[in-house]
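Enquirer: Need a 3D model of the sequence below.
(chains A and B)
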Amino acid sequence: MMADTFEISRVFAAPRERVWDAWTKPEAFARWFGPKGTRAEVHLLDLRPGGYLHSRLEAADGSVMWAKNIYREIDAPRRLVWVQSFSNEAAEIVPSPFPMPWPLRMLTTVVLEEAGGEGTRVTLTWEPVDATEEERASFAGMMASMNGGWTGTFDQLDDFLSEAD
Amino acid sequence: MEDSLSRTLSALADPTRRAILARLALGEASVSALAEPFGISQPAISRHLKVLETAGLIEAGQAAQSRPRRLKTDALDAAVEWMTRFRDVWTDSFDQLDNYLKTEAQAGREKE
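Expert: Model prediction:
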């Protein structure tokens, strides 16, 4: 099943304002954002439509990635929308590091809802913006592989490499 | 490390070079055999091969005068590493956010 949109949703045991702060305050965001085993640094966080978040991720092996999230909608403490891209140190948007077609821009929508007395439900969706069919297929393939172990990711790379022939 | 990764990425950004890698994934090949399917000159293909070699994605064999090119997978592995990290970015981040909010709540109570 190939889905064009990735979605993740979870309830956090904290009031909505605190969860909102964790997403929008640079020192807080850096504390938790990033793939396991990476260290995040926030170099700029300008929270206004058209402003952006510029962050650096460093893996344990010393390799580094930069990301740029350009904010589109800010509705505290309910909704945060940005367009996410890989970038360089100068905050210029660059193509993905992946050896296959990949969307240059991803629309990221974060919705925070009160979850009764339990805390705050956070739902995040991710979808390619202005992507070619090939780029969308790569994205859908990789995100679908989240449930199928590593195989899917490597199959995707394999498919791409053999199609390019 | 950052430099070598950047080199890998920019080498991979070109469709002809990706197609060369795809061909070499099937086995080593001489420069003229690599040039043939693209309908471009041998000097042009040599320039692409040079970029791939500098990025550590391929190497030239010592065998025969044609020095057939073959794939080196280490540089590609680094790119694939980021791919798998990226795939899990939100699941991992949500786990860490959960921990962060709990630790912060704990610290808040201690201060009170």
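Enquirer: Run through who's touching stretch B:41-58.
Expert: Applying Cβ atoms under 8 Å, 6 or more residues apart in numbering or on different chains, the contact partners of stretch B:41-58 are B:4, B:7-8, B:10-12, B:14, B:16-17, B:20-21, B:24, B:31-32, B:34-35, B:38, B:59-60, B:69-72, B:74-76. (Each C-beta comes from the backbone N, C-alpha and C, glycine too.)
Enquirer: Pop out the phi and psi values for A:Ala67.
Expert: phi -130, psi 150 (degrees, to the nearest 10).
Enquirer: Narrow the contacts of stretch B:41-58 to those in helices?
Expert: B:4, B:7-8, B:10-12, B:16-17, B:20-21, B:24, B:31-32, B:34-35, B:74-76 (DSSP state H).
Enquirer: Give me the buried entries from those.
Expert: Buried members of those, scored by 16 or more other Cβ atoms under 10 Å in any protein chain shown, are B:7-8, B:11-12, B:17, B:20-21, B:24, B:31, B:34-35, B:75-76.
Enquirer: and those near chain A, which?
Expert: By Cβ under 8 Å from any Cβ of the partner chain, the members of these lying near chain A are B:Thr8, B:Leu12, B:Leu21, B:Leu76.
Enquirer: Save the residues you listed as a markdown table, and put in pLDDT too.
Expert: Listed next are these as a markdown table, based on pLDDT from 0 to 100:
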| residue | pLDDT |
| --- | --- |
| B:Thr8 | 76 |
| B:Leu12 | 78 |
| B:Leu21 | 87 |
| B:Leu76 | 74 |
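Enquirer: Quickly name whichever of the residues you listed is closest to chain A.
Expert: B:Leu12 (4.8 Å; Cβ to the nearest Cβ).
Enquirer: Could you find the closest non-adjacent residue to that closest one?
Expert: A:Pro99 (4.8 Å; Cβ to Cβ, 6 or more residues apart in numbering or on different chains).
Enquirer: ok, now how distant is the one you found from A:Gln84?
Expert: Using Cβ to Cβ, to the nearest Å, A:Pro99 is found at 20 Å from A:Gln84.
Enquirer: Name the residue in the two with the higher neighbour count.
Expert: A:Pro99 (22 against 19; other Cβ atoms under 10 Å in any protein chain shown).
Enquirer: Could you measure from that one over to A:Pro35?
Expert: 18 Å.
Enquirer: for the closest residue to A:Ile93 other than its chain neighbours, what are its contacts?
Expert: If the residues on either side of it in the chain are set aside, A:Ile93 comes closest to A:Ser85, at 4.4 Å by Cβ to Cβ, 6+ apart. Going by Cβ under 8 Å, 6+ apart, A:Ser85 touches A:Ala67, A:Lys68, A:Asn69, A:Ile70, A:Ile93, A:Val94, A:Leu104, A:Arg105, A:Met106.
Enquirer: All set now, cheers.
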